[in-house]
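**Student:** Give me a model of this one.
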Amino acid sequence: AAAKEQNSIVLSSLGSSLIMIDQSGRITEAIGTESLMGLKPSALLGRTLSDAAPAVAGGGRLEMLGKVLLEGRSCVEDGVALNRPGGGSVILNLRFVPYRSGGRITGAVLLAVDVTEEQTLRSDLKQRNEELEMMSRIGRDLNSTLELDEICDLLLRSLRLFYPEENISILLPEDDSDSGVPEKLVVKAGCGYSADEPGLEHPVLLSGPMYDSVREEPRSRNLSMLGIIGGAFMGARVLNIPDVSQEPRYIEDFNTTRSEIAVPMLIQDKATGVIDIQSRRRNRFDTDSVRRVSSLANNAATAVENARLHARAWEAAQRDRLTNLRNLRFYEERIREELERATRYNYECSLLMIDVDDFKNYNDHFGHPMGNTLLRTLARTISGALREKIDTLVRYGGEEFVSILPLTGGRVAAEIAERIRQMVLDNNPEIPHAADQPLGCVSVSIGVATFPSDVSDRERLLDIADKRMYMGKRAGKNRVMAPAFGNCPTIP
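**Tutor:** Residues are numbered from 1 along each chain as shown. Below you'll find the predicted structure:
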């Protein structure tokens, strides 16, 4: 009895148990089964394995026992999940070993070893490695594009894999103020708690006049103030709120939100955006969530910064340095897009060729610096005469400007051109030496061409507008030449 108790203690300390079974299939000895399997040894004796411990005998293990007893070969099965009668579960490695007496197989020993902790650690490690591999793949994908919208959409889809039932928003600064602090964050990508629910839509104010004016009543403008999101951005730190009802900084965006985590995207300790996730469950976000979302945020921060640098470089390459207007490179891309769209959807697109009258005379008499000042002034004046966010003004070269007028017929285009001509004259008092020009003023001549009603060959649109502009020069300058005004022929 003392030896049996000692064996039980040893096996228990090793997380193991032992069951001996004779040739008839009945249990003759059981040690350590109570602590490991929840089965009292005394209740097992004299019974078959299937009767005394059906959970252990299931899954084809009776057949394994039969082979051991008949053939004398050991059998092993690892990772067997067992629910104990008293509650709880355990993962076991099972080994059936024959034992012999007088050269004959007289029974089998079932050795069960508890590997629950090992299996849990192994499973956690596997899950962590899979997650790290996924994070690495997501990081590569995020940094494989320079399109900001693509980056935000990919980041949203990636977050959705981990948080399928949460409300997710990706917010970036709308623009930078002179102080380097943006006035507000805007949602670039987001989703609601489910596919048919909207996510966060309104911006988050951070600074500026609007922030000051609505600071006392932020909800009256349907705008979050700093709150959790703004606090994470301005403080460049993770804010994990397990229960928003206990958080004084929380501003309600969704009445079902119970917990929230806001993680800044950081570049050299400066926030470039925020990932915000809200949950219907309290205490939803643990340390693993902080680690996971922070890792995604770091990858996204690099991708977002690269996309912004690329956008700035692209923007600079598309602008004229003197006037800050779009340049010829931009024009060639935009006019192709607009004419293709006009052809596809059967609408009109007009073009204005604008030339400054007697500009060489102005340069020769007053110098190139004054000529540059004149071009900058005229660029502002002409831009002010065009329709905001519809028309595009380009410095074509020298003293020539081109304006693309989408969705615009010949009559409207001619009226816009006349408005430009008149506004240039009206602005003459602000132009130095304007009265010293040959015409007694600074003026422009403008040629108008419209596709397809006026010019059917879109490849000739600019050429026709240019020729009409020179017709205006020859006719005395300071005028608009357009078929709608009846002063130039329609080109078939």
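
**Student:** from what I can see, residue 307 looks like it's in a helix, true?
**Tutor:** Yes. When DSSP: H, G, I helix; E, B strand; the rest coil is applied, residue 307 is found to be in a helix.

**Student:** So it sits against residue 148, correct?
**Tutor:** Yes. Between residue 307 and residue 148 a contact is recorded at 4.6 Å, counting by Cβ atoms under 8 Å. C-betas here are computed from N, CA, C, even on glycine.

**Student:** quick one, which of the two is more surrounded?
**Tutor:** residue 307 (21 against 18; other Cβ atoms under 10 Å).

**Student:** in this structure, which ranges drop under the pLDDT threshold?
**Tutor:** Under the criterion pLDDT under 70, the flagged ranges of the chain are 1-14, 176-180, 195-196, 207-225, 490-492.

**Student:** ok, the residue sitting furthest away from the middle of it to residue 411 distance?
**Tutor:** Here the centre of the chain is the reference, and by Cα atoms, centre = their mean the most remote residue is residue 102, at 73.9 Å. Here the distance between residue 102 and residue 411 works out to 116 Å (Cβ to Cβ, to the nearest Å).

**Student:** buried residues in the lengthiest strand in the chain?
**Tutor:** Among the segments of the chain that qualify as a strand by DSSP state E, the longest is strand 89-101. Across strand 89-101, burial judged by 16 or more other Cβ atoms under 10 Å covers 90-96, 98.

**Student:** nearest to residue 192, of those residues?
**Tutor:** residue 91 (39.0 Å; Cβ to Cβ).

**Student:** thought residue 147 was touching residue 307?
**Tutor:** Yes. Residue 147 lies in contact with residue 307 (Cβ under 8 Å); the separation is 6.7 Å.

**Student:** Grab the CA positions of the host helix or strand of residue 463 and hand them over as CSV.
**Tutor:** For residue 463, the enclosing helix or strand under DSSP states H and E is helix 461-474. Provided in CSV are the C-alpha atoms of helix 461-474 (Å, rounded to 0.1, in the frame of the first residue of the first chain):
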residue,chain,number,x,y,z
LEU,A,461,-9.0,70.8,-80.2
LEU,A,462,-6.0,72.7,-78.8
ASP,A,463,-4.8,73.6,-82.3
ILE,A,464,-8.2,75.1,-83.2
ALA,A,465,-8.4,77.1,-79.9
ASP,A,466,-4.8,78.4,-80.6
LYS,A,467,-5.7,79.5,-84.1
ARG,A,468,-8.7,81.3,-82.9
MET,A,469,-6.7,83.1,-80.3
TYR,A,470,-4.3,84.3,-83.0
MET,A,471,-7.4,85.4,-85.0
GLY,A,472,-8.2,87.6,-82.1
LYS,A,473,-4.7,89.0,-82.1
ARG,A,474,-4.9,89.9,-85.8
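
**Student:** what distance separates stretch 376-384 from the centre of its chain?
**Tutor:** 37 Å (Cα atoms, centre = their mean, to the nearest Å).

**Student:** An error on my part: the question was meant for stretch 400-409.
**Tutor:** So, by Cα atoms, centre = their mean, the centroid of stretch 400-409 is 35 Å from its chain's centroid.

**Student:** does residue 456 sit in a helix, a strand or a coil?
**Tutor:** coil.

**Student:** oh sorry, the question was meant for residue 20
**Tutor:** Under three-state DSSP, residue 20 comes out as strand.

**Student:** what about the nearest residue to it once chain neighbours are set aside, helix or strand, and which?
**Tutor:** Using Cβ to Cβ, 6 or more residues apart in numbering and skipping the chain neighbours, the partner closest in space to residue 20 is residue 29 (3.9 Å). Per DSSP H and E: residue 29 is located in strand 27-31.

**Student:** Name the residues that touch that strand?
**Tutor:** 4, 7-8, 11, 17-22, 39, 41, 44-49, 52, 107 (Cβ atoms under 8 Å, 6 or more residues apart in numbering).

**Student:** How much space separates residue 27 from residue 200?
**Tutor:** Residue 27 is 63 Å from residue 200, by Cβ to Cβ.

**Student:** cool, residue 438 as well?
**Tutor:** Taken as Cβ to Cβ, the span from residue 438 to residue 200 is 61 Å.

**Student:** Which of these two has more residues huddled nearby?
**Tutor:** residue 200 (21 against 11).

**Student:** does that one count as helix, strand or coil?
**Tutor:** Residue 200 is classified as coil under three-state DSSP.

**Student:** In contact with it, which residues?
**Tutor:** 167, 169, 171, 187, 190, 253, 276.

**Student:** cool, and residue 15?
**Tutor:** 36, 113-115.

**Student:** May I see the buried residues of stretch 167-183?
**Tutor:** 167-173, 182-183.

**Student:** contacting residues around the one residue sitting closest to the centre of the chain?
**Tutor:** The centre of the chain sits closest to residue 152, judged by Cα atoms, centre = their mean, with a distance of 1.5 Å. Residue 152 makes contact with 170, 172, 188-189, according to Cβ under 8 Å, 6+ apart.

**Student:** rerun that using 10 Å as the cut-off
**Tutor:** Contacts for residue 152 (Cβ atoms under 10 Å, 6 or more residues apart in numbering) come out as 142, 170-172, 187-190, 273, 300, 303-304, 307.

**Student:** Columns secondary structure on top of those residues, output as TSV?
**Tutor:** As requested, these are exported to TSV (three-state DSSP):
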residue	secondary structure
142	helix
170	strand
171	strand
172	strand
187	strand
188	strand
189	strand
190	strand
273	strand
300	helix
303	helix
304	helix
307	helix
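
**Student:** and those residues as TSV, adding distance to residue 425?
**Tutor:** Shown next, in TSV, are the contacts of residue 152 (distance: Cβ to Cβ, whole Å):
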residue	distance to residue 425
142	53
170	49
171	47
172	44
187	46
188	44
189	48
190	50
273	47
300	52
303	50
304	47
307	44
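
**Student:** What is the nearest of those residues to residue 74?
**Tutor:** Nearest member of the contacts of residue 152 to residue 74, counting by Cβ to Cβ, is residue 142, at 51.6 Å.

**Student:** just the strands in the stretch 251-400 of the chain please.
**Tutor:** For the stretch 251-400 of the chain, the strands defined by DSSP state E, counting those that start in this stretch occupy 259-267, 270-279, 349-356, 392-397, 400-406.

**Student:** Against which helices or strands is the third one packed?
**Tutor:** In terms of contacts (3 or more Cβ pairs under 10 Å, 6 or more residues apart in numbering; DSSP states H and E), strand 349-356 is packed against helix 328-345, helix 368-385, strand 392-397, strand 400-406, helix 410-426, strand 444-451, helix 461-474, strand 480-481.

**Student:** where does the closest residue to residue 39 other than its chain neighbours sit relative to residue 171, distance-wise?
**Tutor:** Spatial nearest neighbour of residue 39, chain neighbours left out: residue 33 (4.5 Å); criterion: Cβ to Cβ, 6+ apart. Separation of residue 33 from residue 171 (Cβ to Cβ): 58 Å.
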